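> Got a predicted structure here, sequence first:
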Amino acid sequence: MLIASSLAMVAPFVWQIITSLQTLTSVTHIPPDPLPEGQWDNYHQVFGLLPFGHQFLNTVLMALGRTLGQVLLCPMAAYAFARLRFPGRKVLFGLFLSVLMVPPQLFIIPQYQIMADLGWLNTLQALVLPGMFSAFGVFLLRQFFLGLPRELEEAARLDGAGPWRVYWSIMLPLARPGLVALAVLVLLWSWNDLFWPLVVNTAPDKMTLSAGLASLQGQFQTNYPVLMAGSLLASLPVIAVFVFLQRQFIQGIAQSGVKG
């Protein structure tokens, strides 16, 4: 069972590599040829059809900006909802959760209008700013903070620490697995985000890799080997990040959501 599940996970990547090394004739032939043909020129065509370097840099900056924003902002709101007592706390948190029930496509038009009014179309800040905070990140980290022992906070208060000191010096370092889990999730989501970058940035050198690769799909015919070559190049960085941080990611997910 474990071997079968592992093969099911690896098979799409293997097929992607094989397709990226074939010709369009081999890919569209029925039945398809399961062997690579060594068409390394497909990777060269990716750089010729797209400003790959600019789009890669835009994607990296967008993903890092969103990730940094959520790692800084979401823990503050999450700690407030988990530990601080203030009027309307449960109602306000319920409003935060209600955002998760709304399809994100409904926010596209107002967000686009805001970016247009600010003159930020075809800019990096238009890609980063709307994704620097999320209700999901607040919910995930709130559940993590609820799982931490209150005795640590009480001991810090007895030593004279204020709320900010308790949060910054005691609770935030203990929430490191949850922060890593959130960072990986946001990074993957930002790297694969297609709809918003495709709407807000239309200049090829201002697009992200996901939007740029989408432009390779023609109306009547698509060069699938070139598209797979570009997709493979675009997916390698996030695969490396996940492999490097998978232990912390799994630990953070396992330790969050243990209390309601």
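Looks like it came in fine. Numbering: from 1, shown residues only.

> going forward, measure contacts between C-alpha atoms and count neighbours the same way
Fine.

> low-confidence ranges in the protein?
In the predicted model, the chain carries pLDDT under 70 at residues 1-8, 219-220, 249, 251-260.

> quick one: secondary structure of the spatially most central residue of it?
Centroid-nearest residue in the chain: Trp189, 2.2 Å away (criterion: CA atoms, centre = their mean). Three-state call for Trp189 (DSSP: H, G, I helix; E, B strand; the rest coil): helix.

> Could I get the contacting residues of it?
By CA atoms under 8 Å, 6 or more residues apart in numbering, no residues touch Trp189.

> burial of Met76, as a residue count?
Residues near Met76, counting by other CA atoms under 10 Å, number 19.

> three-state assignment of it?
When the rule is three-state DSSP, Met76 gets the label helix.

> Any figure for the gap between it and Thr208?
29 Å (CA to CA, to the nearest Å).

> Ala156 too?
Separation of Ala156 from Thr208 (CA to CA): 45 Å.

> And for His54?
From His54 to Thr208 the distance is 8 Å (CA to CA).

> In terms of neighbours, single out the busier of the two.
Thr208 (31 against 16).

> And that one, how far from Pro75?
Distance from Thr208 to Pro75, by CA to CA: 28 Å.

> One more: Leu106?
26 Å.

> higher neighbour count, those two?
Per other CA under 10 Å, whichever of Leu106 and Pro75 has more neighbours is Pro75, with 26 against 9.

> So which bits of stretch 229-242 are buried?
229-232, 234-235, 242 (16 or more other CA atoms under 10 Å).

> Give me the phi and psi angles of Gln217.
Here is the backbone geometry of Gln217 (degrees, to the nearest 10): phi -80, psi 120.

> same thing with Thr23?
Dihedral angles (degrees, to the nearest 10) for Thr23: phi -90, psi 160.

> Let me know whether it touches Gln39 as I believe.
Yes: taking contacts as CA atoms under 8 Å, Thr23 lies within contact range of Gln39: 6.8 Å.

> and those two? which has more neighbours close in?
Neighbour count, other CA under 10 Å: between Thr23 and Gln39, Thr23 has more, with 21 against 16.

> for that one, what are its contacts?
Contacts of Thr23 (CA under 8 Å, 6+ apart): 37, 39, 225.

> how much space is there between it and Gly218?
17 Å.

> next one: Ala126
For Ala126, the distance to Gly218 - CA to CA - is 27 Å.

> Looking at the two, which one has more neighbours?
A side-by-side neighbour count of Ala126 and Gly218, using other CA under 10 Å, places Ala126 first with 23 against 9.

> Just give me the closest of the buried residues of stretch 229-242 to Leu182.
Proximity of the buried residues of stretch 229-242 to Leu182 (CA to CA) peaks at Phe242, which lies at 12.1 Å.

> is it true that the closest one touches Val184?
Yes: if you go by CA under 8 Å, Phe242 and Val184 touch, sitting 7.0 Å apart.

> So what's the gap between the helix or strand Ala80 falls within and the chain middle?
Under the criterion of DSSP states H and E, Ala80 resides in helix 52-83. With CA atoms, centre = their mean, to the nearest Å as the basis, helix 52-83 stands 9 Å off its chain's centre.

> Can you tell me which helices and strands it packs against?
helix 89-99, helix 124-128, helix 135-146, helix 176-192, helix 209-214 (3 or more CA pairs under 8 Å, 6 or more residues apart in numbering; DSSP states H and E).

> Extract the C-alpha set from the fourth one and format it as PDB.
As requested, the backbone C-alpha atoms of helix 176-192 are provided in PDB (Å, rounded to 0.1, in the frame of the first residue of the first chain):
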ATOM      1  CA  ARG A 176       7.900  28.200  15.500                       C
ATOM      2  CA  PRO A 177       6.500  24.900  14.000                       C
ATOM      3  CA  GLY A 178       3.200  26.600  13.300                       C
ATOM      4  CA  LEU A 179       5.000  29.600  11.700                       C
ATOM      5  CA  VAL A 180       7.000  27.200   9.500                       C
ATOM      6  CA  ALA A 181       3.800  25.400   8.500                       C
ATOM      7  CA  LEU A 182       2.100  28.600   7.600                       C
ATOM      8  CA  ALA A 183       5.200  29.900   5.700                       C
ATOM      9  CA  VAL A 184       5.300  26.700   3.600                       C
ATOM     10  CA  LEU A 185       1.500  26.800   2.900                       C
ATOM     11  CA  VAL A 186       1.700  30.500   1.900                       C
ATOM     12  CA  LEU A 187       4.800  30.000  -0.200                       C
ATOM     13  CA  LEU A 188       3.200  27.100  -2.100                       C
ATOM     14  CA  TRP A 189      -0.100  29.000  -2.600                       C
ATOM     15  CA  SER A 190       1.700  32.100  -3.700                       C
ATOM     16  CA  TRP A 191       4.000  30.300  -6.100                       C
ATOM     17  CA  ASN A 192       1.000  28.500  -7.800                       C
END
